[in-house]
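Colleague: My questions are about this predicted structure, shown below with the sequence.
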Amino acid sequence: MNSRVLGLMVTLLILLNLGGALAVVLSLGRGDGRALSTLTWVLLLDAAGFWLLRQLRD
């Protein structure tokens, strides 16, 4: 697969993790109960992204 596409996928995963971490920290700071839900979504999207990366590399 094109290295440019792989680079964009890796960049998307990094930005997803940074945004997810920020959302969890902000939720915990406000005492909001949605931090666990946000963390779950980030982990699910990470798993899907890593699976997609593996499929693109093969």
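Modeller: All right, it came through fine.
Colleague: Tell me which residues of stretch 32-49 come out buried.
Modeller: By neighbour count with 16 or more other C-beta atoms under 10 Å, stretch 32-49 contains the buried residues 35, 38-39, 42, 49. Using the backbone N, CA and C atoms, a C-beta is placed for each residue, glycine as well.
Colleague: Go ahead and name everything in contact with that stretch.
Modeller: 9, 12-13, 16-17, 20-21, 23-24, 27-28 (C-beta atoms under 8 Å, 6 or more residues apart in numbering).
Colleague: one step back: and the buried residues of stretch 32-49, which is closest to Gln55?
Modeller: The shortest approach to Gln55 among the buried residues of stretch 32-49 belongs to Gly49, at 10.7 Å (C-beta to C-beta).
Colleague: who are the neighbours in contact with the residue positioned nearest the centre of the chain?
Modeller: Centroid-nearest residue in the chain: Leu16, 3.6 Å away (criterion: C-alpha atoms, centre = their mean). Going by C-beta under 8 Å, 6+ apart, Leu16 touches 42, 45-46, 49.
Colleague: List the residues that contact Thr27.
Modeller: Wrong residue type there; residue 27 is Ser, not Thr. 33-35, 38.
Colleague: Could you report the distance from Leu18 to Leu6?
Modeller: Distance of Leu18 to Leu6, computed by C-beta to C-beta, to the nearest Å: 19 Å.
Colleague: what about these two, which has more around it?
Modeller: Between Leu18 and Leu6, counting by other C-beta atoms under 10 Å, Leu6 is the more crowded of the two (13 against 10).
Colleague: Read off the pLDDT value for the nearest residue to that one once chain neighbours are set aside.
Modeller: Once flanking residues are discounted, Leu6 sits nearest to Leu56: 6.2 Å by C-beta to C-beta, 6 or more residues apart in numbering. Per-residue confidence (pLDDT) for Leu56: 81.
Colleague: Then Met1?
Modeller: pLDDT for Met1: 60.
Colleague: same deal with Ala21?
Modeller: What the model reports as pLDDT for Ala21 is 90.
Colleague: Which SSE is immediately downstream of the helix or strand containing it?
Modeller: Assessed by DSSP states H and E, Ala21 sits inside helix 3-30. Per DSSP H and E, the first helix or strand lying C-terminal to helix 3-30 is helix 35-57.
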